[in-house]
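Engineer: model the structure of this input:
(chains A and B)
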Amino acid sequence: MADRTAPSRRFLPGDPRVAEPYRLTPQLALRVAILGFLALALFAVLFLRLWALQVLSGERYLAQANDNRVRTLRLEAPRGPILDRNGRVLVTNTPGTRVELWPSDLPKTWAAQLAELRKLASVTGVPTKDIVAELAKHGDDPLTPVVVQRGIKQQQIYYLLEHQDEFPGVRLPQSYLRKYPYQSLAAQVLGYVGQISPEDYKALKKKGYLASDSIGQSGIERTYDTYLRGMDGTAQLTVDSRGRPKTAAVPIQSSAPGETLRLTLDINLQRAAERALTYGINLARSSAEGAYADGGAIVALDPRNGDVLAMASNPTYKPSLFSGRKDMKKLAPLLNPKVAQEDNFPAFNRAIQVGYPPGSTFKPVTAIAAMQAHVVGPLTPLLCSPSYTAYGQVFHNWTPLIDQWVDLRTALAMSCDTYFYRLGDDFFKLPSGRGHLLQGWANRLGLGETTGLDIGGEISGLIPTPEWRCKTFGGPPCRGYVDRIWKPGYSIQLAIGQGDVLVTPLQMARFYALIANGGKLVTPHLANDVEQSGSNGQPLRVLRRFGAQPPQPVNVDPTALNYVALGLEEATHASIGTSSGVFGNFKVDIAGKTGSAEKFVHVKGLPNAIKLNQSWWCGYGPFDAPTIVVCATIENGGHGGSAAAPAALKVFEQYFHTTATTTAKASD
Amino acid sequence: MGIEVVDPRARGLRPRPETQAVGVAGMVRRLDWLLMGALVSVTAYGLWAIDGITRHDAGGSSLGHQVLFTVAGAIVFVVALFVDPERYRRMWRPIYFGTLGIMVLVLAAGAATRGSKRWIDVGFFKFQPSEFGKVLFVLVLAGFLAERRHAVQSARTPLTAIGIGLLPILLVFVQPDIGTALVYTAAMAAVLFVAGIRWSHLAVLAALATGIALAVLWLLPAAGLNVLKPYQAERLTGFTHPDNDPRGATYNLRQSIITVGAGGLRGRGVGGATQTGLDYIPEHATDFAFASLAEERGFFGASILLLLYLLIVWRALKIVAGARDLYCAIVAGGIAFMFLFQVFVNTAMTMGAAPITGIPLPFVSVGGSSLITNFLALGVLQAIHVRRSVRRRG
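Structural biologist: Alright, predicted model coming up:
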């Protein structure tokens, strides 16, 4: 072709006005070929990409597509009820509606999302920033709903349902709320139910707990959560891209309600104990020495098997505050440490979570230890003088009016401090090769260690030893440091339950149970058995009995124990007895010991700590065949006989269905 | 051509024949039947596909509308077949200014309603000038370049052509319709390429285009000057990191990829295509139609469509090679590449291999303007083909 155009170029210039005949030039052919190859290359890319997406990774994308549309809803199982030992309902459920947010169904833009959350906040009353924070916590899991609120009002439900289109991603499933027919009764024992905490969720994830789950947060609810929670069911539902349901929820697995838990508590006795506490506190406040009384605890045990019949702690709260709409102001005393201090820590179960110096209620421990260690014989007379001087230090008896020789039984009955000072001094003087016998016996009798109660939060208390002192105050080495050395005064103080010693009311009740049952340590427990929740009218079927663990003998000489018991009986009946004024006229034979432990307390409104008495009374009845042990303590309540003993009497009155008239005011 | 003229100059002075009078029968005989077959197949396939894609939509299937526009498109196709491309060549100036005028009108109307407006409402359908403009744009630039075919090697010709082309491109860009502006730009590049401008000029232009893209997407925003609105830039660059912000800017892209992938080898069928049916894939009737097709009909179904497209591109390139004159070759080349570009950018976009731009999928996406324009483009191709010079061997 080129040769055909060549002549015209060579001889004459081309005339631009004249159209040259058109031919496909090699250059154009080349360019068309390039376009062809480009087309092939681009289509190759398309096919490869299509193959990679649809065939190689098709399964994965199919799963993602299904994740997009399928919502697995949880059908909440009603939590099992909690009964007292006689089958009266302590905790049950009430149906409610919870507000859930499904992060994957929220608007796609942040602005629209925020607008929706603001609207939701104004409807439910939950602050926007709380919802946002909750959402952020679940950021990695868009297919698990975030519970905004449990138990909203009917009006709010109507509003949300009517304006469903404005609230994509909001669902209102059926829910259950804990209901407490007896309000604050046994609040600290029962505990409460709440949203699972991030730490718990981490630990329990493997057991099938979900981030939106409720879980028992304390007390019985927490320990027996696995029985009470039941099994949530599931249902599936298809939603469109805006989170609007397109099908009805199809149940996949129905929920199984939680099991019924029967406790060892007796509602009537529990209520009596709580009223007795309030009564004791008010009684103390009416006197000068107990003006600052502001709390306390009462424990009632069955000394034969460790059944906890009542466990009261004051001040208290209503666990219903934690179910449904939460009022942060009302919850502040339970959650905010500062407010809690103002209100004297109502969330604490004082029967197991707080250690107090036991005062004279500790004397039976010293008595048993002294007899076992042959420091003193039960009938050996010692002088109960107004004061006892040793190492240049003077230790006073609680009353200067007594000055006579007494045996152990009478010493217990009149709660003679100087008698026990001597024993303490004798323990101190024992050769070091024999160990710390007093502390050793205190431990054997169940003090300074947890009791094994089935609900958590129990503290071990403290039985001070020379090693403890040395370690706590910076040693070893212990020699040459004033604070680290165990001085004879510590042994003397310990003998009457003063100084650094700390016990819980439950520990003391367990120890008095040992005296009552002839030398055996019981394991206190609150749960009786788990029963299948029967339908209407059907008897409950016991699934699992927790049963009392057999009491453990601690090898106390029965004779020694008998002398102590006689001393306790005399304390409530003899004219010299410290609480005979309270129990002397009671129809049932009660034996028990008062206690007044001095401690320095910071009181509201006063600049410095002042010395106040912790009021105690521990005892049991009937004396011949004890079926109940009661241990009462009232913070800053003054002398044991004036506050704790009358409170304990109220419990016995309820237990034995009889009343007594207090004739005289008791003393220490 | 009875007598063979010996003097080549004499041959050159011979006046050009006007339109070669070809009868209807001759035209039908000379049609590219393979291309006709591809056109009919892709139209039918597209109607079948869009019926499935739109069946779960609020307004029901769009099949009825699309059939109506197909009929209109067939008429446009026949009309285009009978118009000699020579007429377009002569009238490139009126066509150019007419197109510009309508585009300005659309913009003015858009400004009046204070929003983005790409169409003029003519009662029974929304007329989208920028769609028809695609073919007209090729005809205009081809007309100019054919006029300057002797000076095509000089730098002035491509520069002037670019100057002519830039005006409509800008008018589309500010609508704002980046996708269509890109199609125009691609068509302009193809037209210059086929017209035969120098390789060195092409290289400079390619470098310039790359530089502009870099500047618009990266350098200028870094310097604090945003040519594109942030959402536009995000859409353009989002495909390089689809999982960056799955709930925000790249949500559509992610959903589109899931939609395509979920289709698998055989597809999930119309009833089982949850991504399409439950609206997870946005704009599935228009821009993301390919993703929905891939979900419902699977790899096989999507491949059939792609193969039909490939067939059309191949026949179009054949037509370029066999064109009667340079003008026709440029027009055919422009149309062929524009078609290829649209198919590639649209389908690759749904698979996360190209920027997200609002380009319809030829013969599938719901929309009258796009469908009729595609018929017009293929009509022009066939018109060129039936008037091809018959080359004899020897």
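
Engineer: for A:R510, see how far away A:G592 is.
Structural biologist: 15 Å (Cβ to Cβ, to the nearest Å). Heads up, the C-betas are built off the backbone N, CA and C, glycines and all.

Engineer: what do you get for A:V564?
Structural biologist: Taking Cβ to Cβ as the criterion, A:V564 is separated from A:R510 by 15 Å.

Engineer: and A:T25, by the same measure?
Structural biologist: Between A:T25 and A:R510 the distance, using Cβ to Cβ, works out to 110 Å.

Engineer: B:A302 too?
Structural biologist: As defined by Cβ to Cβ, B:A302 lies at a distance of 77 Å from A:R510.

Engineer: check A:L430 too.
Structural biologist: For A:L430, the distance to A:R510 (Cβ to Cβ) stands at 27 Å.

Engineer: ok, the two, which is more surrounded?
Structural biologist: Each of A:L430 and A:R510 has its neighbours counted (other Cβ atoms under 10 Å in any protein chain shown); A:R510 has more, 28 against 15.

Engineer: quick check: that one touching A:L301?
Structural biologist: Yes: the pair formed by A:R510 and A:L301 meets the contact definition of Cβ atoms under 8 Å, at 6.8 Å.

Engineer: now do the shared contacts for those two.
Structural biologist: Common neighbours of A:R510 and A:L301, using Cβ atoms under 8 Å, 6 or more residues apart in numbering or on different chains, are A:522, A:524.

Engineer: let me see the contact set for B:L35.
Structural biologist: Applying Cβ under 8 Å, 6+ apart as the definition, the contact partners of B:L35 turn out to be B:311-312, B:315-316, B:319, B:378, B:381-382, B:385.

Engineer: secondary structure element for it?
Structural biologist: Under the criterion of DSSP states H and E, B:L35 resides in helix B:33-54.

Engineer: point me to the residue of chain A nearest chain B.
Structural biologist: Checking chain A residue by residue against chain B with Cβ to the nearest Cβ singles out A:Y61 as nearest, at 2.6 Å.

Engineer: give me the pLDDT for that residue.
Structural biologist: A:Y61 is assigned 92 on the pLDDT scale.

Engineer: what is the burial count for it?
Structural biologist: Neighbouring residues of A:Y61 were enumerated by other Cβ under 10 Å; the total is 21.

Engineer: okay, and it sits in which element?
Structural biologist: A:Y61 is part of helix A:58-69, with elements assigned from DSSP H and E.

Engineer: A:Q149 too?
Structural biologist: strand A:146-150.

Engineer: tell me, how many residues neighbour B:T259?
Structural biologist: By the criterion of other Cβ under 10 Å, B:T259 has 32 neighbours.

Engineer: before we move on, what about A:C384?
Structural biologist: Other residues within reach of A:C384, judged by other Cβ under 10 Å, total 23.

Engineer: next one: A:A367
Structural biologist: Per other Cβ under 10 Å, the neighbour tally for A:A367 reads 27.

Engineer: ok, B:T210 next?
Structural biologist: Residues near B:T210, counting by other Cβ under 10 Å, number 10.

Engineer: before we move on, what about A:S320?
Structural biologist: A count of nearby residues for A:S320, using other Cβ under 10 Å, gives 17.

Engineer: now it: closest residue in space, sequence neighbours ignored.
Structural biologist: If the residues on either side of it in the chain are set aside, A:S320 comes closest to A:Y180, at 5.0 Å by Cβ to Cβ, 6 or more residues apart in numbering or on different chains.

Engineer: next up, the contacts around the one you found.
Structural biologist: By Cβ under 8 Å, 6+ apart, the residues touching A:Y180 are A:90-91, A:190, A:318-320.

Engineer: hmm, try it at 10 Å
Structural biologist: With contact taken as Cβ atoms under 10 Å, 6 or more residues apart in numbering or on different chains, A:Y180 is in contact with A:82, A:89-92, A:94, A:186-187, A:190, A:192, A:318-321, A:323.

Engineer: from the chain's centroid, how far away is stretch A:570-590?
Structural biologist: Taking Cα atoms, centre = their mean, to the nearest Å, one finds the center of stretch A:570-590 at 37 Å from the center of the full chain.

Engineer: check stretch B:77-90 too.
Structural biologist: Between the centre of stretch B:77-90 and the centre of its host chain there is 18 Å, according to Cα atoms, centre = their mean.

Engineer: and stretch B:280-292, anywhere near chain A?
Structural biologist: Yes: using Cβ under 10 Å from any Cβ of the partner chain, stretch B:280-292 reaches chain A at B:280-282, B:290-291.

Engineer: how about A:T278, nearest residue that isn't a chain neighbour?
Structural biologist: Spatial nearest neighbour of A:T278, chain neighbours left out: A:N314 (6.5 Å); criterion: Cβ to Cβ, 6+ apart.

Engineer: quick one, phi/psi of the one you found?
Structural biologist: Summarising the backbone geometry of A:N314 under the convention degrees, to the nearest 10, its torsions are phi -130, psi 140.

Engineer: pretty sure it is touching A:P505, no?
Structural biologist: No: applying Cβ atoms under 10 Å as the test, A:N314 and A:P505 come out as separate, 11.6 Å apart.

Engineer: neighbour count for the two, which is higher?
Structural biologist: Comparing A:N314 with A:P505 by neighbour count (other Cβ under 10 Å), the higher total belongs to A:P505, at 30 against 23.

Engineer: give the next helix or strand downstream of the longest helix seen in chain B.
Structural biologist: Secondary structure of chain B read by DSSP state H shows that its longest helix is helix B:289-321. Proceeding C-terminally, helix B:289-321 gives way to helix B:326-350 as the next helix or strand, assigned by DSSP H and E.

Engineer: what is that next one packed up against?
Structural biologist: Taking 3 or more Cβ pairs under 10 Å, 6 or more residues apart in numbering or on different chains; DSSP states H and E as the contact definition, the neighbouring helices and strands of helix B:326-350 are helix A:26-51, helix B:85-90, helix B:129-147, helix B:178-195, helix B:251-263, helix B:289-321, helix B:368-386.

Engineer: if we go to 7 Å?
Structural biologist: Here helix B:326-350 touches helix A:26-51, helix B:85-90, helix B:129-147, helix B:178-195, helix B:289-321, helix B:368-386, going by 3 or more Cβ pairs under 7 Å, 6 or more residues apart in numbering or on different chains; DSSP states H and E.

Engineer: pick out the residue in chain B sitting closest to chain A.
Structural biologist: With Cβ to the nearest Cβ as the measure, B:G261 is the residue of chain B nearest to chain A, at 2.6 Å.

Engineer: so that residue touches A:Q54, yeah?
Structural biologist: Yes: B:G261 lies in contact with A:Q54 (Cβ atoms under 7 Å); the separation is 5.9 Å.

Engineer: ok, the closest residue in space to B:A233 that isn't next to it in sequence - how many residues close by?
Structural biologist: Across the structure, with Cβ to Cβ, 6+ apart as the measure, the residue nearest B:A233 apart from its sequence neighbours is B:L217 (5.9 Å). By other Cβ under 10 Å, 17 other residues sit near B:L217.

Engineer: perfect, I'm done here.
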